[in-house]
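K.L.:
Got a sequence here, can you model it:
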Amino acid sequence: MDNYEQIPMLVVPCIHVPGRVPFVVGPVLGASALYGSIYPAIQNFLLGCRAAGLGACLTTLPLWNVRRVRRVLGLPRSVLPVAVIPVGRPRGRYGPTTRRPLEDVVHLNRYGNRPTG
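P.N.:
Here you go, the predicted model:
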């Protein structure tokens, strides 16, 4: 975070939490219900940045003090910041995107059962 002040744009995705966090069957399911849509949206945003040639990264460290973040951004208590995404042009050039072949990471019906084909 040495050059944080030089980042051209910071995106702070938030969720609206009206009232108490819904703990349906316990804290884990309640948390997944709460955050279940924001993180896929963040992933789509990151993929869109990459497609546009922008550098972006999901971080949560700047949210260590949610009260201060709420105060700085003017967020009401019903709005919860969940991440900070610095966005900008990369200093260098992106290299090729490399991914392992699908058949190396997919298992069918049970672990270890690799697809053929």
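K.L.:
the bottom helix or strand of this structure by mean pLDDT?
P.N.:
Every helix and strand in the chain was compared by mean pLDDT, DSSP states H and E; the lowest is helix 27-35, with a mean of 65.
K.L.:
List the contacts of the helix or strand following that one.
P.N.:
Later in the chain than helix 27-35, the nearest helix or strand by DSSP states H and E is helix 38-51. Outside helix 38-51, the residues that touch it by C-beta atoms under 8 Å, 6 or more residues apart in numbering are 11, 13, 15, 55-58, 82-83, 85, 87, 94, 97. Backbone N, C-alpha and C define where each C-beta goes, glycine included.
K.L.:
what's the closest of those to Ser37?
P.N.:
Nearest to Ser37 among the contacts of helix 38-51: Ile15, at 7.9 Å, using C-beta to C-beta.
K.L.:
Okay, and the beta partners of that closest one?
P.N.:
Applying DSSP bridges to Ile15 yields these beta-bridge partners: Leu80.
K.L.:
roughly how far apart are it and Leu58?
P.N.:
15 Å (C-beta to C-beta, to the nearest Å).
K.L.:
Likewise for Leu75?
P.N.:
Taken as C-beta to C-beta, the span from Leu75 to Leu58 is 19 Å.
K.L.:
And for Arg68?
P.N.:
20 Å.
K.L.:
quick one: which of the two has more around it?
P.N.:
Set Arg68 next to Leu58 and count neighbours by other C-beta atoms under 10 Å: Leu58 wins out with 16 against 11.
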